[in-house]
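Participant: quick one: sequence plus predicted model below, questions after.
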Amino acid sequence: MTTPVVKVHGGPTDAPYTLSHLDALESEAVHIFREVAGEFERPVILFSGGKDSIVMLHLALKAFAPAAIPFSLLHVDTGHNFPEVLEYRDRAVAAHGLRLHVASVQEYIDRGVLKERPDGTRNPLQTLPLTEKIQAEKFDAVFGGGRRDEEKARAKERVFSLRDEFSQWDPRRQRPELWNLYNGRHAPGEHVRVFPLSNWTELDVWQYIAREGIELPDIYFAHEREVFQRAGMWLTAGEWGGPRADETVEKRQVRYRTVGDMSCTGAVDSDASTLADVIAEIAASRLTERGATRADDKMSEAAMEDRKREGYF
Amino acid sequence: MSTTTELSETTLLRFATAGSVDDGKSTLVGRLLHDSKSILTDQLEAVERASASRGQEAPDLALLTDGLRAEREQGITIDVAYRYFATPKRRFILADTPGHVQYTRNMVTGASTAELTVILIDARNGVVEQTRRHAALAALLRVPHVVLAVNKMDLVGYQESVFAAIAEEFTAYALELGVPEITTIPISALAGDNVVDPSANMDWYGGPTFLEHLETVPVAHDLSHCHARLPVQYVIRPQTAEHPDYRGYAGQIAAGSFRVGESVTVLPSGHASKIAGIDLLGVPVDIAYTTQSVTVLLEDDIDISRGDLIVPSKDAPPTTQDVEATVCHVADAPLTVGHRVLLKHGTRTVKAIVKDIPSRLTLDDLSLHPHPGQLVANDIGRVKIRTAEPLPVDSYADSRRTGSFILIDPNDGTTLTAGMVGESFASPEPVKDTTEDDGWDF
């Protein structure tokens, strides 16, 4: 972890003073991590190896320093992961002495509980393994890297979001969130989804990664990759089911803006090979990250809301 | 936009909107997001697709903000939504709150974290009941800055006299409530006058555009009159070979600042000690300020746990088991005298009982209805609460963080009520005659 630059302008003898936006967001996220540590029995951090969960892990490390993070990690493994991301995950777990739980979609398919979809996308199949793992391990607080700027249903999401015993989200029954007084009360069997990055935007996340010198999996930076086009997106060829006979593979210079299941996470054409390049590229982009790279959100006008209601994060 | 600009750290302004149903709030928000280039192509395309599929001719920008199925079906906003946008000067978090009167609780939710509230009115209608209600809520929540945006100026011929009369009436009312700072701006959200770009139709207006004001309003904390407060969230004890004796009290500074070497008292126990060190997320510092999340180390090994409050010994608040407050009831089930509840104040949650509800406040005319017996959803009233343990509470006027609390239903965990300790409104300040100051620089 690199030493952060603490910028405080002025002080009591030199009032008024103000925090920078990144310091304010960081401080708020740390407050949320500590509230959960103080109020819950078995919290867990959802960790996909994507940039948002990597930033969450970094914030949790800072929140409890010099002690270890009092949470374990949970990875929902779709079976269609980018190898670079799995490698990063295992390295992070080893480096910080963490415990990793894995909920495996492939295992559910092998057992015949879940069925492969005709389009090969495994993203919607994550919900059942995730919610069953939460129930089986009795996790009562589940940190997610969701940000309200991602999607319009997420814009309505609370920082502490109560889920019933079926892990369902009911937007009409949300608790108002007043000041910074988060209410984590829940009945046995229920749990709370917690979103410390609620108020961050994609650009904030990248600026913070740059400021803190956080390492990311290589696939976030421009590299040559064998891809093919499906539904307007560049997908990585692989054993998960692409390309089909009518789809042709070509070598392109690409990078990823989000990291998820290989079957539905698209790459974007890019020459951005450094953090500064990536930040400049995002600042100039006219597409949201999900609009650019996620197929699952385009299924219907309320696709995200519907999946969230069922227990998706 | 250059990379240098994008990389530089800016400041963050949290603000909330309030407005009646048809006064153009969605249009203003849509205009702000659109003209600040915060709506991206795929979002706009989604709105265009949805608008076309329901037979609308033009894209309905309200669909950008109405994210839930029920909202789209009914064409109304039913919940607070948070929006994010940025200019090179500042980052903004907008709590977009619905205007319906039955959603007072949502405006309270949005305003509780806001440093600025925008009250929107229709220039044709002037100050109406709803305007007074919103101004009273902003005053009650003690939002530091209030903006009155007089909208639809295009429909009154951009007349200065119309704007001046409304601005004067509103300012007089808001000052009486104790609103500390009021800015009035004539706009047309639809035509874009004075929202992001200055209006060519109102050259009589010499003030900032709406966005300029948002970019320049001060968000700095003035610590000269602040009582320093640190609610303890969590005790950090690594118990490792490297840190065998480390015992740190983690929390977010709720107000003021703390220095190494300062004499402090821990409440409610009253134990005293000195600050031996402050860690700012792993980095030792000499001083830390409000809203920073820190870990404080003390010279003496005293018993401190989550829920305690660390304060300067020379500036400790009294502790009390009898809390009198103005509350906004946010739950559907009513709050009644005798109700057993949980009270969360800072990081401490204690048992409490509602001893009395002396009055209910009518926001329209600020009249008090004595002994209403209960408060129902969206009601605002005075409440007396007895707590099972003594609490160090400040007046909400002194600290929005340590002067606020929530009541929770112990049975199902529902958040019942938002509470503000002490007097409801600031004591009215005499309206200053500004003409006296003209041309003089004291």
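Facilitator: Looks like it arrived, so ask away.

Participant: okay, now whichever residue of the stretch 1-150 of chain B sits closest to chain A: neighbour count?
Facilitator: The minimum distance from the stretch 1-150 of chain B to chain A, using C-beta to the nearest C-beta, falls at B:Asp42 (2.9 Å). All C-beta atoms are positioned from the backbone trio N, CA, C, and that covers glycine. A count of nearby residues for B:Asp42, using other C-beta atoms under 10 Å in any protein chain shown, gives 17.

Participant: quick one: pLDDT of it?
Facilitator: Listed pLDDT for B:Asp42 reads 71.

Participant: that one: what secondary structure?
Facilitator: helix (DSSP: H, G, I helix; E, B strand; the rest coil).

Participant: what residues are up against the residue of the stretch 51-200 of chain A found nearest chain B?
Facilitator: Residue nearest to chain B within the stretch 51-200 of chain A (C-beta to the nearest C-beta): A:Arg185, separated by 2.9 Å. A:Arg185 makes contact with B:Leu342, B:Ile408, B:Asp412, B:Gly413, according to C-beta atoms under 8 Å, 6 or more residues apart in numbering or on different chains.

Participant: report the two of these separated the most.
Facilitator: Farthest apart among those by C-beta to C-beta are B:Leu342 and B:Asp412. That separation is 11.4 Å.

Participant: the host helix or strand of B:Ile93 pairs with which strands, parallel or anti?
Facilitator: Take DSSP states H and E as the rule and B:Ile93 turns out to sit in strand B:90-96. Strand B:90-96 has its sheet partners listed here by DSSP bridges as strand B:11-19 (parallel), strand B:81-86 (antiparallel).

Participant: centre of the chain to that strand, how far?
Facilitator: The chain centroid and the centroid of strand B:90-96 are separated by 12 Å, computed with C-alpha atoms, centre = their mean, to the nearest Å.

Participant: give me phi/psi at residue 257?
Facilitator: Let's take chain A. Note on A:Arg257: backbone dihedrals following degrees, to the nearest 10 are phi -100, psi -30.

Participant: again with the one 10 residues further on
Facilitator: According to degrees, to the nearest 10, the main-chain angles of A:Ala267 amount to phi -90, psi 160.

Participant: enumerate the residues of the stretch 101-250 of chain A near chain B.
Facilitator: A:148-149, A:151-156, A:162, A:171-172, A:174-181, A:183, A:185-187, A:198-199, A:201, A:203-204, A:207, A:210-211 (C-beta under 8 Å from any C-beta of the partner chain).

Participant: any quick ChimeraX command for the buried ones out of those?
Facilitator: Selecting the buried subset of these in ChimeraX, with 16 or more other C-beta atoms under 10 Å in any protein chain shown as the burial test, is done by:
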select /A:148,149,151,152,153,154,155,156,162,171,174,175,176,177,178,179,180,181,183,185,186,198,199,201,203,204,207,210,211
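
Participant: out of the residues of the stretch 101-250 of chain A next to chain B, which are inside helices?
Facilitator: When those are checked against helices (DSSP state H), the matches are A:Leu203, A:Asp204, A:Gln207, A:Ala210, A:Arg211.

Participant: what is the rounded mean pLDDT of the top helix by length along chain A?
Facilitator: For chain A, the helix that runs over the most residues, judged by DSSP H, is helix A:21-39. Helix A:21-39 carries an average pLDDT of 97.

Participant: and whichever helix or strand comes after it, anywhere near chain B?
Facilitator: Counting by DSSP H and E, the next helix or strand C-terminal to helix A:21-39 is strand A:43-46. No. Using C-beta under 8 Å from any C-beta, strand A:43-46 stays clear of chain B, with a minimum separation of 12.1 Å.

Participant: now do the contacts for residue 230.
Facilitator: Since you didn't name a chain, this refers to chain A. Counting by C-beta under 8 Å, 6+ apart, A:Arg230 touches A:Gly242, A:Pro243, A:Glu247.

Participant: the intended chain is chain B.
Facilitator: Taking C-beta under 8 Å, 6+ apart, one finds B:Tyr249, B:Gly251, B:Ile253, B:Ala254, B:Phe258, B:Val294, B:Val296, B:Leu309, B:Ile310, B:Val311 in contact with B:Leu230.

Participant: so which of these reach chain A?
Facilitator: Near chain A, by the rule C-beta under 8 Å from any C-beta, you find B:Gly251 out of the contacts of B:Leu230.

Participant: thinking again about what came up before, on contacts alone, who are the packing partners of the longest helix of chain A?
Facilitator: Helix A:21-39 is packed against helix A:51-64, strand A:141-143, helix A:202-212, strand B:11-19, strand B:234-236, strand B:248-252, strand B:293-298, with contacts defined by 3 or more C-beta pairs under 8 Å, 6 or more residues apart in numbering or on different chains; DSSP states H and E.

Participant: which stretch among those comes nearest B:Asp197?
Facilitator: From the helices and strands packed on helix A:21-39, taking C-beta to C-beta, the stretch that ends up closest is strand B:11-19, at 19.7 Å.

Participant: now the angle from the closest one to helix A:21-39?
Facilitator: With axes from the mean of the first three to the mean of the last three C-alpha atoms, to 10 degrees applied, the angle from strand B:11-19 to helix A:21-39 works out at 80 degrees.

Participant: tell me the first helix or strand C-terminal of strand B:11-19.
Facilitator: helix B:25-35.

Participant: and that next one, does that touch chain A?
Facilitator: No. Helix B:25-35 lies out of reach of chain A by C-beta under 8 Å from any C-beta, never closer than 11.4 Å.

Participant: with only the CA atoms kept, save that helix in PDB.
Facilitator: What follows is helix B:25-35, C-alpha atoms only, in PDB (Å, rounded to 0.1, in the frame of the first residue of the first chain):
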ATOM      1  CA  LYS B  25     -37.900  19.900 -11.200                       C
ATOM      2  CA  SER B  26     -37.200  16.900 -13.500                       C
ATOM      3  CA  THR B  27     -36.600  19.400 -16.300                       C
ATOM      4  CA  LEU B  28     -34.100  21.300 -14.200                       C
ATOM      5  CA  VAL B  29     -32.300  18.100 -13.100                       C
ATOM      6  CA  GLY B  30     -32.400  16.900 -16.700                       C
ATOM      7  CA  ARG B  31     -31.100  20.200 -18.000                       C
ATOM      8  CA  LEU B  32     -28.300  20.300 -15.400                       C
ATOM      9  CA  LEU B  33     -27.200  16.700 -16.300                       C
ATOM     10  CA  HIS B  34     -27.500  17.300 -20.000                       C
ATOM     11  CA  ASP B  35     -25.800  20.700 -20.200                       C
END
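
Participant: give the buried residues for the longest helix seen in chain B.
Facilitator: Secondary structure of chain B per DSSP H: the longest helix is helix B:160-177. Of all the residues in helix B:160-177, those buried under the rule 16+ other C-beta under 10 Å are B:Val162, B:Phe163, B:Ile166, B:Ala167, B:Phe170, B:Thr171, B:Tyr173, B:Ala174, B:Leu175, B:Leu177.

Participant: try stretch B:38-53
Facilitator: B:Ser38, B:Ile39, B:Leu40, B:Asp42, B:Gln43, B:Ala46, B:Val47, B:Ala50, B:Ser51.

Participant: as CSV, the helices and strands packed on helix A:21-39 with mean pLDDT and distance to B:Gly270 would be great.
Facilitator: Formatted as CSV, the helices and strands packed on helix A:21-39 follow (pLDDT from 0 to 100; distance: least, C-beta to C-beta, whole Å):
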stretch, mean pLDDT, distance to B:Gly270
helix A:51-64, 97, 28
strand A:141-143, 97, 33
helix A:202-212, 93, 40
strand B:11-19, 89, 35
strand B:234-236, 97, 19
strand B:248-252, 98, 16
strand B:293-298, 98, 14
